[in-house]
Structures are given as C-alpha cells and as structure tokens.
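In: Sharing a sequence plus its predicted fold:
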Amino acid sequence: MKKIFSLILISCLILALGLAAGCGKEQTKAPAQNGDKAAADKLVVGAIGEPHTAMLKMVKTKLAEQGVDMVIKDFTEYSQLNPALKDGQIDANFFQHIPYLEDYNKETGSDLTWTVKIHTEPMRIYSKKLDSLDKLPNKAQVGIPNDPSNSGRALMVLQSAGLIKLKEGAGVTATQQDILENPKELKITMADAATLPRVLEDAAVCCINTNYALDAGLDPMGALFVEPGDSPFANILVVRPEDKNDPRIGKLGKALQSEEIAKFLKDNYPACVLAF
C-alpha cells in the first residue's frame, strides 16, 4: 500500500511540474507576441522643417485611430534622410521632391521609391536689398542651392524670371555649364540650401526652398519672384521598395492627401504650398 501511495504521489508531482512548466512557457510567449504586434504597428517617419512636420503631426491622431503608432523623427539636413531610410533607421521620409529622389538613387545606386504625391512648394527668389528684380545690378551675387536637383531647379527659376537663358532641354538637371545667356553677368554661387537665408546678408538675391524660407522667418508673399505653377517638383512620401505596399504606408499616404490637409495648407501656408 505504501508503495502504491508513493507511486501516486510521484505521478502527481510530475503532472504538477509539467503543468507549471507549461504555464511558464505560455506566460513567456504572450509578452513576446504582444511585443511583436507593437513593433509591427509602429511607423517611424523622417521629415525636416515646415510644413512637413506640421502635416505629419496633424495626421498622427488619425493614424492612431487606425492602429498605426507614427513616430516623427525631425532631421536638420536634407542629406541625412535618405541614408537613414536606406539603412532602416526610419520606415519612410517626407521632405523631398521627385528629381531629388531620382538624383539620390542615381548617385548612390539606391532604389528608394515614392508612393504618393502630396504637395508642391514653389521655390522663390528673395532679397533683403532689393524690392524688384528690375533693380538687380550687373555682376550681382546670386545664391542657389548646391545639391544637383535643387541647383538645376534654381537655374530654371532664374530662367523663368528672365535673368538667364539655358540650353534647350537642360531641364531639372541643368548646371551652370548649360547657361547660354547671362546678360547681367550674374555671379551665381552655390551654398547648402539650409544656409541660403543667411547668404541673403551678402548676396543680392537667393533662390530658396519654401521650407527653409519659412524656418528662417522669410515672408514668401514678399518674394521677388515665384516659381511657375507647372513645376515638376512635387513633394512625395518615400519608402524602401519592399515597403511600398505596406498597409501602414498606405494609411499615411491617404491621410496626407486628405481634405483636412488641403484645408490646413490653404489656411496656414497661403500662396506658399499647393495641395494635390
């Protein structure tokens, strides 16, 4: 009888230990599953300056309601955003136009891709010394961005303003070597796009991107010239190719193209930003 009782006791202990071990595995597994779900719903988006960060902040709550936890990572330099996306530090970025992306991919052998067009920000010619381009003197210093896509864009703006003439077909890839006519013998100098508002202290005029002008407190309504409305420089949402059809990216793109964003742009950036 004692032997039978001992066998029963041992069996019960083994069963109890097995149940405890099973419960322990289940408890360990559950947090891991929850953690995986949280990571899957998190979306890190890089941006730089206004109005991009403001637009992202505006749609953050709407995305949260759709199960997407968007984290906005604000950068200080254009050149940081695409490498950060390529290396997986962020999941998407919102700061650039199509020619800038195409130039980056060509120069670095990358294959980043865009999903939707959001808006365009006309480049403008600003001055702190002149109130009209008609008063621009001969051999005046003119500042333009130094990155290839925006320098070509600035040269196109100078051509549209009647200050220079480019070779036919030069387009967004134009360089100073493509200048056919420069009747005022303007001294075109290149600088980092973010520094051009400061370059205005010395230069007669500068071609400045809208976001940097806004960050520097320049009034776009006081610019001497505005880039024509048929500009090909649409601002886009950019991702790695494998994430192009990610549902989270789709939700973000749709939110940024909403009527609420269009109204926001119209109310807060009149004549500065045009919504698609």
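Out: Sure, I can see it. Values in this document were obtained by computation on a predicted structure and should not be read as measured data.
In: Please enumerate the strands of this structure.
Out: Listed in chain order, the strands of the chain (DSSP state E) span 42-47, 69-74, 92-97, 113-120, 124-126, 141-145, 165-166, 179-181, 187-191, 205-208, 225-226, 234-239, 274-275.
In: pretty sure residue 73 is touching residue 42, no?
Out: No: contact criterion C-beta atoms under 8 Å: residue 73 and residue 42 do not qualify, at 11.9 Å. C-beta: built from backbone N, CA, C; applies to glycine.
In: okay, the two: which has more neighbours?
Out: Legend: neighbour count by other C-beta atoms under 10 Å for residue 73 and residue 42, higher for residue 73 (18 against 13).
In: beta partners of the more buried one?
Out: residue 46 (DSSP bridges).
In: pLDDT wise, what is it at?
Out: With respect to pLDDT, residue 73 scores 98.
In: same deal with residue 15?
Out: For residue 15, pLDDT reads 38.
In: any low-confidence regions in the protein?
Out: Residues of the chain that meet the criterion pLDDT under 70 lie in 1-40.
In: how about the nearest residue to residue 167, chain neighbours excluded?
Out: residue 178 (4.6 Å; C-beta to C-beta, 6 or more residues apart in numbering).
In: give me every residue that touches the one you found.
Out: Counting by C-beta atoms under 8 Å, 6 or more residues apart in numbering, residue 178 makes contact with 155, 166-167, 170.
In: how many other residues sit next to residue 167?
Out: Using other C-beta under 10 Å, residue 167 has 12 neighbouring residues.
In: same deal with the one 5 residues further on?
Out: Each residue near residue 172 was counted by other C-beta under 10 Å, and the total is 21.
In: Contacts only, for it.
Out: Residue 172 neighbours (C-beta under 8 Å, 6+ apart): 99, 149, 152-153, 156, 232-233.
In: Buried ones only from those, please, as a PyMOL command.
Out: For the buried members of those, the matching PyMOL selection, counting by 16 or more other C-beta atoms under 10 Å, is:
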select buried, resi 99+149+152+153+156+233
